[in-house]
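**Student:** for reference, the sequence and a predicted model appear below.
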Number of protein chains: 2
Amino acid sequence: MYIPTFDDVKTARERIEPYVHKTPVLTSTFMNNLTGAELFFKCENFQKAGAFKVRGASNAVFGLSDEMAEKGVATHSSGNHALSLSYAAGRRGIPCHVVMPRTAPQAKKDAVIGYGGTITECEPSTSSREAVFAEVQAATGADFVHPYNDPRVIAGQATCSLELLEQTGGLDAVVAPIGGGGMISGTCLSLSNVAPETKIYAAEPKNADDAYRSFKAGHIIADDAPETVADGLKVPLKDLTWHFVSNHVTDIQTATEQEIIDAMKLIWQRMKIVMEPSSAVPLATIIKNREAFAGKRVGVIITGGNVDLDKLPWMKK
Amino acid sequence: MYIPTFDDVKTARERIEPYVHKTPVLTSTFMNNLTGAELFFKCENFQKAGAFKVRGASNAVFGLSDEMAEKGVATHSSGNHALSLSYAAGRRGIPCHVVMPRTAPQAKKDAVIGYGGTITECEPSTSSREAVFAEVQAATGADFVHPYNDPRVIAGQATCSLELLEQTGGLDAVVAPIGGGGMISGTCLSLSNVAPETKIYAAEPKNADDAYRSFKAGHIIADDAPETVADGLKVPLKDLTWHFVSNHVTDIQTATEQEIIDAMKLIWQRMKIVMEPSSAVPLATIIKNREAFAGKRVGVIITGGNVDLDKLPWMKK
């Protein structure tokens, strides 16, 4: 297991700079009054391909030697990593093979194809996904870019909190959502090097609180297919992300489904931005844990904005 | 009739600076590819109180002498002007009296009260509104700030395109929605002085195309209660706004209800911002009139972001 270093982050930043946005940081008087904290929202919903994942994906794609790049990249994902890897591969002009469950939303499939990716469908089970992915990789020789348990991906995601820190001039804490732990690991990697006094909080849906339980137990606990509106946060920690979480995270806090939906709607209403349910979990936990954040300068990572406008969580089914 | 001058705009800009945001200008590769133009979206949905109207309202409120200010301000509006005037009056610490139809959405009433405004309800008819408003004004002596047919309001709105021009470094055209004509008049006032070569296009719902028909006929035509999803654009031109429209507007273009809704959804999906149906009319007309805009640098005014998230126009009723 190679653990990425801060030098890898510096390399990543330079490498991906032409392919990603330096996203804006928004503030809101309303949100500050509500929470008693001074909040700085890092808006990765405005990022290329609509999510922070394009940072890690671009770092992996543009770090390949020409020889390796020729065979392309491959991954399994039905979410933002699939879009982001397709985007990055498209920018480099190399193939991108994505294994997706046949049940994945058509909009996501269309987006992958729109960026030039190739989809191979599997059944919606882990065994089918692994079997199909192994076939695709054997047939193509493409380089596997894991959605989060990959040092190149973590070094790429780490560029986000580095920017945030520079844009705000210093923070007491950063709160980011946790699923597999790619964004949180990147945040740990950057902040432990350049701002070790800044506390790092992970925000997780109560319905998918495997990271919370892992953190309390001191070892990885993986759930089988949890159900939450924050669909980007269902996946479990892996060895590399567990390394960062167990060593650098101050605390993991959870929010209920209703708290997540309420926080999401509040952000849309008051800040006028479109973002995903996963990105609302940090605000939900900040509202709940006022004592941890009031009076502090707090960075909040809005991780992505790819949401189905026809299926918003507050719409009647 | 006093016609505001560019000196009034400069005064307004200085006067309102502490109370309004310098809103960001967003660009989108997707939208540029779609239209063939280089689009610059001026995001007044991120403005204080959620709309550009706060510029004109603040200019009126903070331009009052202390003696006049004591009695407060008054208006009739069930939309963004009511919110904006309440916000501005609240910042100055003076009363704000708003006459609203009793049928207005509770959310709008709550917002006015939240900013410290006082609501007097009328029946949803012009005669009732005028009668109730006359009573309120007689009882309070408050200064009437018309939503758009007021030189102070127009000078305030004019600061928006002035900013846009500076932020972009020059434009071939600006497209803004037209209802009563306050924003368009302000745009005409600024651009005719500092960038007379920049063309000004007004975008209007086909269902409420009284400005379009006025423009073609050469005199004001006012419709009685047109119905459109772009609910900020139902009101007719008045003498002061007609002056600017008839003298400085290059063309008025219209869009159907479906075109407006499609453009709105596209902006939400691709640009990840929450904005009102009224603000989508410019993009709808730009898509329709490719020949007028392709190859040009075009400013697009996103006028506001106050939308009911439970009643989005693409939701099933």
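**Tutor:** Nice, I can see it.

**Student:** CA atoms for contacts and neighbours, from now on please.
**Tutor:** Will do.

**Student:** if I read this right, A:Lys234 contacts A:Ala211, doesn't it?
**Tutor:** No - the pair A:Lys234 / A:Ala211 is not scored as a contact, 10.1 Å apart, by C-alpha atoms under 8 Å.

**Student:** if you average pLDDT per helix and strand, which one of chain A comes out bottom?
**Tutor:** helix A:106-114 (a mean of 89; mean pLDDT, DSSP states H and E).

**Student:** look at A:Lys234 and A:Ala211 and report which has more neighbours.
**Tutor:** Neighbour tally, A:Lys234 and A:Ala211, criterion other C-alpha atoms under 10 Å in any protein chain shown: the higher count belongs to A:Ala211, 32 against 25.

**Student:** can you tell me the closest non-neighbouring residue to that one?
**Tutor:** A:Leu237 (6.6 Å; C-alpha to C-alpha, 6 or more residues apart in numbering or on different chains).

**Student:** the residue of the stretch 51-200 of chain A at minimum distance from chain B bridge partners, please.
**Tutor:** Closest approach between the stretch 51-200 of chain A and chain B, counting by C-alpha to the nearest C-alpha: A:Ala51, at 10.8 Å. Counting by DSSP bridges, A:Ala51 is bridged to A:Gly304.

**Student:** okay, and the common contacts of A:Lys234 and A:Ala211?
**Tutor:** By C-alpha atoms under 8 Å, 6 or more residues apart in numbering or on different chains, A:Lys234 and A:Ala211 have these common neighbours: A:Gly179.

**Student:** show me where the stretch 101-250 of chain A has helices.
**Tutor:** Counting by DSSP state H, counting those that start in this stretch, the segments of the stretch 101-250 of chain A that form helices are A:106-114, A:126-140, A:151-168, A:182-194, A:210-217, A:239-248.

**Student:** need those helices in JSON lines (columns: distance to B:Met31).
**Tutor:** Shown next, in JSON lines, are these (distance: least, C-alpha to C-alpha, whole Å):
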{"stretch": "helix A:106-114", "distance to B:Met31": "15"}
{"stretch": "helix A:126-140", "distance to B:Met31": "35"}
{"stretch": "helix A:151-168", "distance to B:Met31": "25"}
{"stretch": "helix A:182-194", "distance to B:Met31": "29"}
{"stretch": "helix A:210-217", "distance to B:Met31": "39"}
{"stretch": "helix A:239-248", "distance to B:Met31": "37"}
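
**Student:** who wins for proximity to B:Ala173 among these?
**Tutor:** Comparison of these against B:Ala173 by C-alpha to C-alpha identifies helix A:106-114 as nearest, at 30.8 Å.

**Student:** so does the closest one get close to chain B?
**Tutor:** No - using C-alpha under 8 Å from any C-alpha of the partner chain, helix A:106-114 stays clear of chain B, coming no nearer than 11.4 Å.

**Student:** just checking, what packs against that helix?
**Tutor:** The contact analysis (3 or more C-alpha pairs under 8 Å, 6 or more residues apart in numbering or on different chains; DSSP states H and E) places helix A:106-114 against helix A:80-92, strand A:118-122.

**Student:** rerun at 6 Å
**Tutor:** Helix A:106-114 sits against no helix or strand, with contacts defined as 3 or more C-alpha pairs under 6 Å, 6 or more residues apart in numbering or on different chains; DSSP states H and E.

**Student:** next, the buried residues of it.
**Tutor:** A:108-109, A:111-113 (16 or more other C-alpha atoms under 10 Å in any protein chain shown).

**Student:** swap in stretch A:269-282?
**Tutor:** Result for stretch A:269-282 [16+ other C-alpha under 10 Å]: buried residues A:269-282.

**Student:** what's the neighbour count on A:Asn289?
**Tutor:** A:Asn289: 14 neighbours (other C-alpha under 10 Å).

**Student:** ok, it to B:Gly93 distance?
**Tutor:** Remark: distance between A:Asn289 and B:Gly93 (C-alpha to C-alpha, to the nearest Å) = 34 Å.

**Student:** and A:Gln47, by the same measure?
**Tutor:** 40 Å.

**Student:** higher neighbour count, the two?
**Tutor:** A:Gln47 (22 against 14).

**Student:** report the central residue of chain A.
**Tutor:** The centroid of chain A falls nearest to A:Met183 when counting by C-alpha atoms, centre = their mean (4.9 Å).

**Student:** ok, now which ones touch the closest residue to A:Ile154 other than its chain neighbours?
**Tutor:** Excluding the flanking residues, the one nearest A:Ile154 by C-alpha to C-alpha, 6+ apart is A:Gly186, at 4.9 Å. Shown here is A:Gly186, whose contacts under the criterion C-alpha atoms under 6 Å, 6 or more residues apart in numbering or on different chains are A:154-155, A:157-158.

**Student:** could you do A:Pro147 as well?
**Tutor:** A:Pro147 touches A:His81, counting by C-alpha under 6 Å, 6+ apart.

**Student:** quick check: the gap between it and A:Leu233.
**Tutor:** 12 Å.

**Student:** what about the strands in the stretch 201-317 of chain A?
**Tutor:** A:251-255, A:297-302 (DSSP state E, counting those that start in this stretch).

**Student:** okay if I get those as JSON lines plus distance to chain B?
**Tutor:** Converted to JSON lines, the strands of the stretch 201-317 of chain A look like this (distance: least, C-alpha to the nearest C-alpha, whole Å):
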{"stretch": "strand A:251-255", "distance to chain B": "22"}
{"stretch": "strand A:297-302", "distance to chain B": "12"}
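
**Student:** looking at those, which one is packed in the most?
**Tutor:** strand A:297-302 (a mean of 26; mean count of other C-alpha atoms under 10 Å in any protein chain shown).

**Student:** and that one, average pLDDT?
**Tutor:** On average, the pLDDT along strand A:297-302 is 98.

**Student:** can you list the residues of chain A near chain B?
**Tutor:** A:272-274 (C-alpha under 6 Å from any C-alpha of the partner chain).

**Student:** now render these as JSON lines, adding pLDDT.
**Tutor:** JSON lines is the format used below for these (pLDDT from 0 to 100):
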{"residue": "A:Lys272", "pLDDT": "97"}
{"residue": "A:Ile273", "pLDDT": "98"}
{"residue": "A:Val274", "pLDDT": "98"}
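
**Student:** of those, which is the nearest to B:Gly63?
**Tutor:** Out of the residues of chain A next to chain B, the member with the shortest distance to B:Gly63 (by C-alpha to C-alpha) is A:Lys272, at 29.3 Å.

**Student:** now that closest one, nearest residue through space, not along the chain?
**Tutor:** B:Val274 (4.5 Å).

**Student:** residues contacting the one you found?
**Tutor:** A:272-273, B:268, B:305.

**Student:** same thing but at 8 Å, please
**Tutor:** A:268-269, A:272-274, B:45, B:268, B:305, B:307.

**Student:** can you add distance to A:Ala225 and give the residues of chain A next to chain B back as JSON lines?
**Tutor:** Conversion of the residues of chain A next to chain B to JSON lines gives the following (distance: C-alpha to C-alpha, whole Å):
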{"residue": "A:Lys272", "distance to A:Ala225": "32"}
{"residue": "A:Ile273", "distance to A:Ala225": "29"}
{"residue": "A:Val274", "distance to A:Ala225": "26"}
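
**Student:** please parse chain A into its domains.
**Tutor:** According to automatic domain parsing, chain A comprises the domains A:6-52+A:151-302, A:54-144.

**Student:** from these, which stretch is densest packed?
**Tutor:** domain A:6-52+A:151-302 (a mean of 21).

**Student:** that domain: end-to-end distance?
**Tutor:** End-to-end for domain A:6-52+A:151-302, by C-alpha to C-alpha: 23 Å.

**Student:** closest one to B:Ile301 out of the buried residues of helix A:106-114, please.
**Tutor:** A:Ala111 (28.1 Å).

**Student:** how near is the residue nearest to A:Ala211 to chain B?
**Tutor:** 29 Å (C-alpha to the nearest C-alpha, to the nearest Å).

**Student:** do A:Asp262 as well
**Tutor:** For A:Asp262 relative to chain B (C-alpha to the nearest C-alpha), the value is 12 Å.
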